[in-house]
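Peer 1: sequence-free structure coming up:
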């Protein structure tokens, strides 16, 4: 199965393992909850889906790479305890300190307040020879030494097949019979859905749409392994976006540090140079401002389909960035709005406005700290909380400067500050909606309602940032053009044309 299907399997398993009956007992007892074992090529996203599952289910995540552990760190350190048994016999016996791995789960629970979670152990089949027997015991009984994984924590393991790693230990049948083994295969289609939500660099998205065979490849050469993986593309994307913000060059040397396959790195480096030229020549900001020149329209009409795909990707990336900013500001304002509503309620009880706002400020700071400590918290969630925190700090500073004698007057002043923030957001969202309308006008005037419009509408629907913006703020242009492309006959015919083109590249 692909990584998206594996994610759903993990999510379903965690839900089932955490389910309890009407007496409060686990429907599947912790002793019978088989650990999940994800077996798949390196860099296909096994670790990434753990954070996604934990975030979507609102539970914790503690991750370890087992290749970094010795028997002592995993099992704990031995010490001698003198025991007297009820028979009267006395012995010195060996005990172990708590495993670092088990202790980290308890520490996470204390820090986050979350009692349920996923303990993710990566590279489980590549542990050292001295740790291997203890690892097998852990997979069977979920204990290191005498210390058990706490109830409510689901064990998920991952490993690579032996063809990718010479250090792999083959699990015996006894061990495998106690695991839920899921084999995961690389899939560009599955990764593309993830990449849309993560705003992967548009040059990478367009390149792989045209050259999907370059998405994942591992080859043996006289010089060693030559490869690219999903991780390679994801991490290269993050670096490219940051380098572009800092005006640093993304050249062939940088690209080959991530794409460790010479031919693919060279092809993508050449395409990226072409993509940068498209970005400069087509003046995306002018198109979205409704100020596109006749020369640009004429060039787009004469362009090959791969160049048109790049143009669609540039438009979509710019729109998604703007829409993400609006959505984050709106989400932060909703948090502040709810706090102000609670503040008003407590004011009616005679509480001081400064005390109420300061209490909310402290709660939000604690929440931001918890999110920072939880590796499964998405960056979008953290940014939203930090944005709300910054706005609330301004309100708290305003409240603390105000005289205590008239809290009602102070609250009205705070409300006016909030209303001005809302008005700024409304103006910003209107600008972004106008940019979306201008994009539709440009595509329709330049290409008509054929394959380019289908690509554009499909991507707007599929991408998280754009679809959520449209759902919240609406778009008459989107609904008008998507309705025109909605019939199966029209859509299938255009899709066949697109697939025929991509198949010939």
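Peer 2: Cool, got the structure. Small disclaimer: the values here were computed from a predicted structure and weren't measured.
Peer 1: Residue 78 versus residue 90, what's the distance?
Peer 2: Taking C-beta to C-beta, to the nearest Å as the measure, residue 90 and residue 78 are separated by 19 Å. In short, each C-beta sits where N, CA and C put it, glycine included.
Peer 1: Can you give me the domain boundaries for the chain?
Peer 2: If you go by automatic domain parsing, the domain ranges for the chain are 3-71+103-185, 187-282, 283-505.
Peer 1: and the end-to-end length of the first one?
Peer 2: Start-to-end span of domain 3-71+103-185 (C-alpha to C-alpha, to the nearest Å) is 7 Å.
Peer 1: could you point out which element follows the host helix or strand of residue 327?
Peer 2: According to DSSP states H and E, residue 327 maps onto helix 305-347. Per DSSP H and E, helix 305-347 leads on to helix 353-373 as the next helix or strand towards the C-terminus.
Peer 1: quick one, phi psi at residue 161?
Peer 2: phi -60, psi 160 (degrees, to the nearest 10).
Peer 1: what's near enough to touch it?
Peer 2: 39-41, 168 (C-beta atoms under 8 Å, 6 or more residues apart in numbering).
Peer 1: so how far is residue 214 from it?
Peer 2: Taking C-beta to C-beta, one finds residue 161 at 22 Å from residue 214.
Peer 1: how about the nearest residue to residue 311 once chain neighbours are set aside, what does it touch?
Peer 2: Nearest in space to residue 311, with sequence neighbours left out and distances taken as C-beta to C-beta, 6 or more residues apart in numbering, is residue 282 at 5.6 Å. Taking C-beta under 8 Å, 6+ apart, we find residue 282 in contact with 296, 299-300, 311, 314.
Peer 1: Now rank these by neighbours and give me the top one.
Peer 2: Neighbour counts for the contacts of residue 282, by other C-beta atoms under 10 Å, peak at residue 311, which reaches 27 neighbours.
Peer 1: so that one makes contact with residue 304?
Peer 2: No - Residue 311 is beyond contact range of residue 304, at 11.0 Å (criterion: C-beta atoms under 8 Å).
Peer 1: thinking again about what came up before, distance to residue 86 added to the domains of the chain, as a markdown table?
Peer 2: Shown next, in a markdown table, are the domains of the chain (distance: least, C-beta to C-beta, whole Å):
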| stretch | distance to residue 86 |
| --- | --- |
| domain 3-71+103-185 | 20 |
| domain 187-282 | 56 |
| domain 283-505 | 44 |
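Peer 1: Now tabulate those domains in a markdown table and tack on distance to residue 95 and mean pLDDT.
Peer 2: As requested, these are exported to a markdown table (distance: least, C-beta to C-beta, whole Å; pLDDT from 0 to 100):
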| stretch | distance to residue 95 | mean pLDDT |
| --- | --- | --- |
| domain 3-71+103-185 | 7 | 85 |
| domain 187-282 | 41 | 89 |
| domain 283-505 | 30 | 82 |
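Peer 1: Select, out of the ones you listed, the one closest to residue 83.
Peer 2: domain 3-71+103-185 (13.2 Å; C-beta to C-beta).
Peer 1: hmm, back to that, direction-wise, compare the helix holding residue 327 with helix 353-373 and give the angle.
Peer 2: 140 degrees (axes from the mean of the first three to the mean of the last three C-alpha atoms, to 10 degrees).
Peer 1: packing partners for helix 305-347?
Peer 2: Contacts defined by 3 or more C-beta pairs under 8 Å, 6 or more residues apart in numbering; DSSP states H and E place helix 305-347 against helix 202-210, helix 262-282, helix 284-288, helix 353-373, helix 379-401, helix 407-447, helix 451-462, helix 464-473.
Peer 1: winner for burial among those helices?
Peer 2: helix 202-210 (a mean of 22; mean count of other C-beta atoms under 10 Å).
Peer 1: Now do it: which elements does it pack against?
Peer 2: Short answer (3+ C-beta pairs under 8 Å, 6+ apart): helix 202-210 packs on helix 188-197, helix 230-245, helix 262-282, helix 305-347.
Peer 1: re the thing from before, neighbour-wise, which of the contacts of residue 161 leads?
Peer 2: Busiest of the contacts of residue 161 [other C-beta under 10 Å] is residue 40, holding 22 neighbours.
Peer 1: what's across from it in the sheet?
Peer 2: Legend: beta-bridge partners of residue 40 under DSSP bridges are residue 184.
Peer 1: Confirm for me that it is in contact with residue 163.
Peer 2: No - taking contacts as C-beta under 8 Å, residue 40 lies outside contact range of residue 163: 11.6 Å.
Peer 1: how about the nearest residue to residue 285, chain neighbours excluded?
Peer 2: Nearest one to residue 285, counting by C-beta to C-beta, 6+ apart, is residue 318 at 7.3 Å.
Peer 1: cool, residue 168 as well?
Peer 2: Nearest non-adjacent residue to residue 168, counting by C-beta to C-beta, 6+ apart: residue 162, 4.3 Å away.
Peer 1: looking at it, residue 436 is touching residue 475, isn't it?
Peer 2: Yes - assessed by C-beta under 8 Å, residue 436 is found in contact with residue 475 at 5.7 Å.
Peer 1: sorry, back to before: identify the farthest-apart pair in the contacts of residue 282.
Peer 2: Across those, the longest distance by C-beta to C-beta is 13.5 Å; it joins 299 and 314.
Peer 1: quick one: the closest residue in space to residue 85 that isn't next to it in sequence from residue 80, how far?
Peer 2: Closest residue to residue 85 apart from its sequence neighbours, by C-beta to C-beta, 6+ apart: residue 91 at 7.5 Å. With distances taken as C-beta to C-beta, residue 91 is found 10 Å from residue 80.
Peer 1: can you check residue 5 too?
Peer 2: When residue 5 is compared with residue 80 (using C-beta to C-beta), they lie 50 Å apart.
Peer 1: out of the two, which sits in the more crowded spot?
Peer 2: More neighbours surround residue 5 than the other of residue 5 and residue 80, with 14 against 8 (other C-beta under 10 Å).
Peer 1: Quick check: the more buried one is in a helix.
Peer 2: Yes - using DSSP: H, G, I helix; E, B strand; the rest coil, the secondary structure at residue 5 is a helix.
Peer 1: wait, doesn't it sit right on residue 190?
Peer 2: Yes - under the criterion of C-beta under 8 Å, residue 5 lies in contact with residue 190, with a separation of 7.5 Å.
Peer 1: In the sheet, which residues pair with the residue nearest to residue 260 when sequence neighbours are not counted? Tell me.
Peer 2: Closest residue in space to residue 260, ignoring its immediate chain neighbours: residue 227 at 5.6 Å, by C-beta to C-beta, 6+ apart. For residue 227, the beta-bridge partners are residue 218, residue 260 (DSSP bridges).
Peer 1: so who does residue 227 touch?
Peer 2: 217-219, 260-261.
Peer 1: quick one: it and residue 242, what's the gap?
Peer 2: For residue 227, the distance to residue 242 - C-beta to C-beta - is 24 Å.
Peer 1: ditto for residue 298
Peer 2: 35 Å.
Peer 1: Same question for residue 177.
Peer 2: For residue 177, the distance to residue 242 - C-beta to C-beta - is 46 Å.
Peer 1: same question, residue 329
Peer 2: For residue 329 relative to residue 242 (C-beta to C-beta), the value is 22 Å.
Peer 1: Export the helices and strands packed on helix 202-210 to a markdown table and append columns for distance to residue 206.
Peer 2: Compiled in a markdown table, those are given as follows (distance: least, C-beta to C-beta, whole Å):
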| stretch | distance to residue 206 |
| --- | --- |
| helix 188-197 | 11 |
| helix 230-245 | 12 |
| helix 262-282 | 7 |
| helix 305-347 | 4 |
